[in-house]
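[1] Quick one, what's the 3D model for this:
(chains A and B)
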Amino acid sequence: MSLSAQPPASGESFVLSASLANARHLSSLLRAVHFQDHATCFATASGLRVTVEDAKCIQANAFIQAEIFQEFAVQEESVVFRINLSVLLDCLTIFGTSSLPGTSTTLRMCYRGYGYPLMLSLEEGGVVTVCKINTQEPEELLDFDFCSTRVVNKIILQSEGLREAFAELDMTSEVLQITMSPDKPYFRLSTFGNAGSAHLDYPRDSDLMEAFHCNQTQTNRYKISLLKPSTKALALSCKVSIRTDAQGFLSLQYMIRNEDGQICFVEYYCCPDEDISEAEL
Amino acid sequence: MKCVIAGGNVKVLGQAVHSLSRIGDELYLEPTESGLSLRTVNSSHSAFASFLFAPLFFQLYEPGPAPDTEHFRCKVHMKVQPPCPGNPPAKSPQLFFRQVTVPVSIPSPQSFLGVFRSLPSLEKSVGKCLILLKPRASRLVLQLHCKYGVTKTHNLAFQECEQLQAVFDTQSCSSCLCAPARVLAEAVVHFPLTLAEVTLGTGPGGKIGLRNYVEDEAEPSKTMVTELWLAEDEFQSVAVSPGSHITFCLKEFRGLLTFAEASNLPITIHFDEPGRPVVFTLDDTVLEVHLVLATLSDLESDSQPAPTNGVSHLPAPSDDFADDLESYMVALETSTYEGAPEEPPSPTFPLHNPQTVQGNPEEEEEEDEEGAVPGTPPHKKFRSLFFGSVLTPGGPSLAPTQEVLAEDSDGEN
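    As a prediction, this is how the structure comes out:
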């Protein structure tokens, strides 16, 4: 594996430098959160986090831990910048998105710090591409403050059972209603489309259910247009954990296994839609 | 009404819905003692399909209240999109239907087809399908019991409606062919998917031929004609009038063909003279399928003198069809007053003598052309209204005698 490493010029140093043998490990995860053009990147010693937000209601985070990289060095306590995610993805996949067996694109990523562009060096089959992407001021992000102590209901499902359901969601429905309960229907996804309603029920003893911890019956509605992008993360994942807190905030955590069998996570947080007095069951 | 479909039959139901959706946009459901009937008609009323699932098809079948009360009927939208604008042109043939009325409130379209959209996933993950008609809640409930204990429940809105029944009688057809679906599928594959009409006919040596129908307006130098002949022994049975042929819409037939191939059932084709509908049937112990398509009328082939009641464009029935003539009149009379209520006005057959100047522009053009170019093949216009006896096939006695006392004065749209 050859890396076209660019050693820092004398006197200059990178606050972030990383190398990845297979750029797909990064690009596929970033695609799972790519529902807006811009993203905020956070780099700490533990790894890289890329956050995308929309409408002050939904936030997605992709975590690529330091262990995934062949080299991952962060010189400051934390490095933050805002970047055009569409452009970043285009660069990461510059050699194409389809994967021929045995070939992979190697990536070297360097960032000098505030005000500097993000430098990418990609190599495949001896061909090298160098990209410089301008960075921007990071914007303030939502803090959903979703901690495990405030979780009311939690289930862990095998993604296989939800993939088709999410792909076929009735998009004429404005909302996706999620019901979680210790009693029937246990876990229900409902849509209310142009002609009628559809309900998808998962019993607590289903083979798909890896964990079922529901203490209280909760029914919450979320804007379907906001949640639909999470289908991409679901498609990549093998398991998903669905949690709600007392305010009805939703946390979806996807466990994704990459080509080399390493585990990464993507999570989505979503605010509930305005209060509903009666859920249509 | 409550019924449960189990195992492989769920996929059969799904295939039936797909087949029906290739013809019409609305699905008419009618639970009867003899089974659950699913029907549809296309927007120009030139194609009608019905699937009758016998009680044995179901794991559980409860059609509803006692036989003496009227069975509940409803229709649901099959597809979300409105009918596609590429409908057959105004001169399409039409089938005759008993009156269909629809009550006022129309909810937004929803998709019955959507429930059965993915046939592979139906086969893979659905174990059981429950159908419940809840008239009081105005909801049709479709519940799929899937793998891993997952349940998908769809509550679909429907509209009450009158019965949708095309008028046709296979007994009165002079020709009948029966072939395995595979034979017909292999024959039809040679025609482009965009081909609108195909002509089926008998040929020398007892062969049966299929040929694409070429519009008269088409330029000979830019037209490709595809013709293929099947030997009699490819068919399971052949009972045809020599020289008979019919032209019908291939697109609508393909939907049925896909279903027949999947269920491995032979297709029986009943046809008669050009202009009278062709009826395709599939028969099984638990399923009866009918597809009725209007056919192009072939005016030149009609050698009978025009009857004086002014309906001369229609092939005049011979003495053998005397009984049918009575009902022929009834059907004709009723059709001019009823037509298709909720659909945009479709051109019904104009009831006047072609010799009068009143003839509509297309007719006049036709006559002019006939005069001008005597050597060309007979003009074929999709214009006849099909009618036969005013009964469902195999029904009891014919309609009572009626005379046409006064010709319809507003026969033109």
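[2] Residue B:74 is in contact with residue B:31, isn't it?
    No: proximity of residue B:74 to residue B:31 does not meet the contact threshold set by C-beta atoms under 8 Å, at 9.6 Å. From N, CA and C alone the C-beta is placed, and that goes for glycine too.
[3] Need the pLDDT of the residue of the stretch 101-250 of chain A found nearest chain B.
    Nearest residue of the stretch 101-250 of chain A to chain B: residue A:195, at 2.0 Å (C-beta to the nearest C-beta). Here the pLDDT value assigned to residue A:195 is 70.
[4] so it touches residue B:159, yeah?
    No: applying C-beta under 8 Å, one finds residue A:195 not in contact with residue B:159, separated by 10.8 Å.
[5] Pull the distance from the worst-scoring helix or strand of chain A on mean pLDDT to the chain's centre.
    Ranked by mean pLDDT, DSSP states H and E, the weakest helix or strand in chain A is helix A:160-167, scoring a mean of 87. Relative to the centre of its chain, helix A:160-167 is centred 17 Å away, using C-alpha atoms, centre = their mean, to the nearest Å.
[6] residues in contact with the nearest residue to residue A:48 once chain neighbours are set aside?
    Using C-beta to C-beta, 6 or more residues apart in numbering or on different chains and skipping the chain neighbours, the partner closest in space to residue A:48 is residue A:64 (4.7 Å). Residue A:64 sits next to A:25-26, A:29, A:47-50, A:264 when contact means C-beta atoms under 8 Å, 6 or more residues apart in numbering or on different chains.
[7] Wait, a strand at residue B:288?
    Yes: the assignment for residue B:288 by DSSP: H, G, I helix; E, B strand; the rest coil puts it in a strand.
[8] Counting neighbours, what do you get for it?
    Residue B:288 has 18 neighbouring residues, counting by other C-beta atoms under 10 Å in any protein chain shown.
[9] Tell me, what's the model's pLDDT at the closest residue to it other than its chain neighbours?
    Nearest non-adjacent residue to residue B:288, counting by C-beta to C-beta, 6+ apart: residue B:52, 4.4 Å away. We have a pLDDT of 94 for residue B:52.
[10] Can you list phi and psi of residue B:52 for me?
    Residue B:52 adopts backbone torsions of phi -110, psi 110, taken as degrees, to the nearest 10.
[11] burial measure for it, as a count.
    18.
[12] Could you report the separation of it from residue B:287?
    Taking C-beta to C-beta, to the nearest Å as the measure, residue B:52 falls 7 Å from residue B:287.
[13] For the strand or helix carrying the residue nearest to residue A:48, buried residues please.
    Per DSSP states H and E, residue A:64 falls inside strand A:58-65. For strand A:58-65, a neighbour-count test (16 or more other C-beta atoms under 10 Å in any protein chain shown) marks A:58-64 as buried.
[14] what lines up beside that strand in the sheet?
    Using DSSP bridges, the strands paired with strand A:58-65 are strand A:47-54 (antiparallel), strand A:263-270 (antiparallel).
[15] Reformat those as CSV; add mean pLDDT and mean neighbour count.
    Converted to CSV, the strands paired with strand A:58-65 look like this (pLDDT from 0 to 100; neighbours: other C-beta atoms under 10 Å in any protein chain shown):
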stretch, mean pLDDT, mean neighbour count
strand A:47-54, 95, 21
strand A:263-270, 96, 22
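[16] Spit out the contact partners of residue 180.
    The chain I'm using is chain A. A:153, A:155, A:186-187, A:214, A:217-218, A:242, A:244.
[17] my bad, chain B
    B:236, B:266-267.
[18] how does it look with 6 Å?
    Contacts here follow C-beta atoms under 6 Å, 6 or more residues apart in numbering or on different chains; on that basis residue B:180 touches residue B:266.
[19] Would you mark the buried spots in stretch B:123-139?
    So stretch B:123-139, judged by 16+ other C-beta under 10 Å, has buried residues B:125-126, B:128-133, B:138-139.
[20] Nearest to chain A among these?
    Of the buried residues of stretch B:123-139, the one sitting nearest to chain A (C-beta to the nearest C-beta) turns out to be residue B:139, at 6.8 Å.
[21] isn't the closest one right up against residue B:153?
    No: applying C-beta atoms under 6 Å as the test, residue B:139 and residue B:153 come out as separate, 10.5 Å apart.
[22] which sections of the stretch 51-200 of chain B are below the confidence cut-off?
    Within the stretch 51-200 of chain B, the stretches with pLDDT under 70 are B:65-72, B:79-110.
[23] for it, what spans make up the strands?
    Taking DSSP state E, counting those that start in this stretch as the criterion, the stretch 51-200 of chain B contains strands spanning B:60-62, B:74-77, B:126-134, B:139-146, B:151-157, B:159-160, B:175-180, B:197-202.
[24] and the stretch 51-200 of chain A, which residues reach chain B?
    Counting by C-beta under 6 Å from any C-beta of the partner chain, the stretch 51-200 of chain A comes close to chain B at A:161, A:194-200.
[25] one more time with 8 Å, if that's ok
    Residues of the stretch 51-200 of chain A lying near chain B by C-beta under 8 Å from any C-beta of the partner chain: A:161, A:164, A:168, A:170, A:172, A:193-200.
[26] Stretch B:5-18 and chain A in contact?
    No: judged by C-beta under 8 Å from any C-beta, stretch B:5-18 stays clear of chain A, getting no closer than 14.1 Å.
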